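Chemist: Provide a 3D model corresponding to the input given below.
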Amino acid sequence: MKQTILFLLVASALFSCGEVEIDRYETSDNIYFDFDDEETSDRDSVVFSFAYTPEKVSDTVYLPVRISGLRVSHDRLFKLTVLEDSLSTATPGLHYKPLEDFYMIPADSGTLRVPVILYNQDTLLQDKSVAVHFMLVPTEDFVTALPYGVYAKLVFSSRLEKPDWWAGVESVFMDYSRTKHQLYLISIGNIPLIMEGANIPYNLFIMDKFRRFLIDPFTWVQSNPDYQIDTIVDDQEYVLFSKANPTTLRFKIRWDNDAKRYYFIDENNSKVLFN
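Modeler: The predicted structure follows:
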C-alpha cells in the first residue's frame with residue numbers, strides 16, 4: 001500500500017510540472033591570440049627574419065586569433081591595434097603595412113590568421129631588429145575580457161648570425177662576416193656544410209663553387225639573370241644587386257691592383273676572403 005501511494009505522489013508531481021524553461025547565461029564572446037607552442041616558445045610573440053630570403057622586398061606573418069564562445073551563422077568583426085609605445089620600434093609604411101580598421105571572423109568559424117605584411121626595404125634591418133606590439137580591442141561582436149591573449153609582439157630584422165656549421169669549415173671560409181654569409185646564401189643557398197663521411201665530396205664541390213663565384217661574379221651573373229652588376233667607378237668598383245630588391249641587397253666589388261683581381265667588400269669595408 002505504501003509503495004502505491006509513493007508511486008501516485010511521484011506521478012502526480014511529474015504530470016503537474018509541465019514544461020520548465022531554463023534560463024541560459026548570456027555573455028559576449030571573447031577573442032584572443034592563440035599561438036602554437038610548437039611554433040613559438042613564447043605564448044605572445046613571433047620572431048621573423050628576412051636573413052635567409054634577402055631578395056624578398058616583403059613577406060607576410062600571420063597572427064592566430066581564436067574566439068572563446070559560440071560560432072554563429074553570420075560574419076563578425078574584431079579590431080587589432082598597434083600600441084604606440086617605446087616598445088613598438090617599427091615604423092608603419094617603412095617596416096610594415098598599416099593594419100586594417102577591422103578584421104572579420106567568417107560565419108560558422110572560430111579562428112582566423114591575421115596577415116601582417118612586413119617590408120624589407122630598410123637597410124638598418126641588417127644590423128638591428130624592430131618590434132611591433134599589438135593589442136586586441138573590444139567591438140560590438142567581441143570583448144577581450146580573458147586574462148590572457150590580449151597582447152602580441154612581432155620582432156623582425158634581416159640580420160644574419162654566424163651559423164654553427166661555420167666553425168667546422170673556418171679553415172676554408174676564414175673569418176665570418178654577414179656579407180660573406182649573404183653571398184653564400186645567394187650563390188649556394190641555405191646549405192649547411194658538415195664535413196663528415198659521405199658529405200665531404202659534395203661539400204668540397206660546394207666550396208669550390210662558392211670560391212669561383214667570389215673570384216668571378218661577372219661570369220656568375222650571366223647565368224643568374226635575377227642579379228645584375230653595375231659600374232660605380234670604371235674598371236675599379238662595381239655593385240652586385242638583386243633586381244627584385246635593389247635597395248637593400250647590394251654588394252660592393254672592388255679591384256685590387258696588387259692581387260690583380262676583384263674582391264667583394266664586406267660590412268667592415270674589408271675584403272671578403274676565402275681559401
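
Chemist: Show me where the stretch 151-275 of the chain has its strands.
Modeler: Along the stretch 151-275 of the chain, the segments classed as strands by DSSP state E, counting those that start in this stretch run 151-157, 227-233, 237-242, 250-256, 261-265.

Chemist: most packed of these?
Modeler: strand 151-157 (a mean of 20; mean count of other Cβ atoms under 10 Å). Quick note: C-beta positions are derived from backbone N, CA and C, even for glycine.

Chemist: Which elements pack onto that strand?
Modeler: Helices and strands touching strand 151-157, as assessed by 3 or more Cβ pairs under 8 Å, 6 or more residues apart in numbering; DSSP states H and E, comprise strand 45-49, strand 58-68, strand 130-137.

Chemist: again, 10 Å this time
Modeler: Taking 3 or more Cβ pairs under 10 Å, 6 or more residues apart in numbering; DSSP states H and E as contact, the helices and strands that strand 151-157 lies on are strand 29-33, strand 45-49, strand 58-68, strand 111-119, strand 130-137.

Chemist: Nearest residue to the middle of this structure?
Modeler: Computing the C-alpha centroid of the chain and ranking residues by Cα atoms, centre = their mean puts F48 first, at 3.1 Å.

Chemist: And that one, how far from S158?
Modeler: F48 is 10 Å from S158, where distance means Cβ to Cβ, to the nearest Å.

Chemist: Between these two, which contacts overlap?
Modeler: Taking Cβ atoms under 10 Å, 6 or more residues apart in numbering as the criterion, F48 and S158 both touch L118, S129.

Chemist: what residue ranges in this structure score low on pLDDT?
Modeler: The chain contains residues with pLDDT under 70 at 1-27, 37-43.

Chemist: How many neighbouring residues does the closest residue to I194 other than its chain neighbours have?
Modeler: For I194, ignoring the flanking residues on the chain, the nearest one in space by Cβ to Cβ, 6 or more residues apart in numbering is W165 at 6.0 Å. By the other Cβ atoms under 10 Å criterion, the neighbourhood of W165 contains 15 residues.

Chemist: can I assume W165 is in contact with M195?
Modeler: Yes: taking contact to mean Cβ atoms under 10 Å, the distance of 8.8 Å between W165 and M195 places them in contact.

Chemist: Can you pull the residues that touch both of these two?
Modeler: By the contact definition Cβ under 10 Å, 6+ apart, W165 and M195 are jointly contacted by N203.

Chemist: rewinding a little: distance check, the residue nearest to the centre of the chain against S171.
Modeler: Between F48 and S171 the distance, using Cβ to Cβ, works out to 33 Å.

Chemist: Distance check, A167 against D216.
Modeler: From A167 across to D216, the span is 28 Å (Cβ to Cβ).

Chemist: I'd like the distance between the residue nearest to I194 and S187.
Modeler: The spacing between W165 and S187, counted by Cβ to Cβ, is 17 Å.

Chemist: Repeat that for V47.
Modeler: The separation that V47 has from S187, given Cβ to Cβ, amounts to 26 Å.

Chemist: Same check on H133?
Modeler: Applying Cβ to Cβ to H133 and S187 gives a distance of 37 Å.

Chemist: Same drill for these two, tell me which one is more crowded.
Modeler: Comparing H133 with S187 by other Cβ under 10 Å, the one with more neighbours is H133, at 21 against 17.

Chemist: Just list the residues touching that one, thanks.
Modeler: Applying Cβ under 10 Å, 6+ apart, we find H133 in contact with 44-45, 81-90, 151-155.
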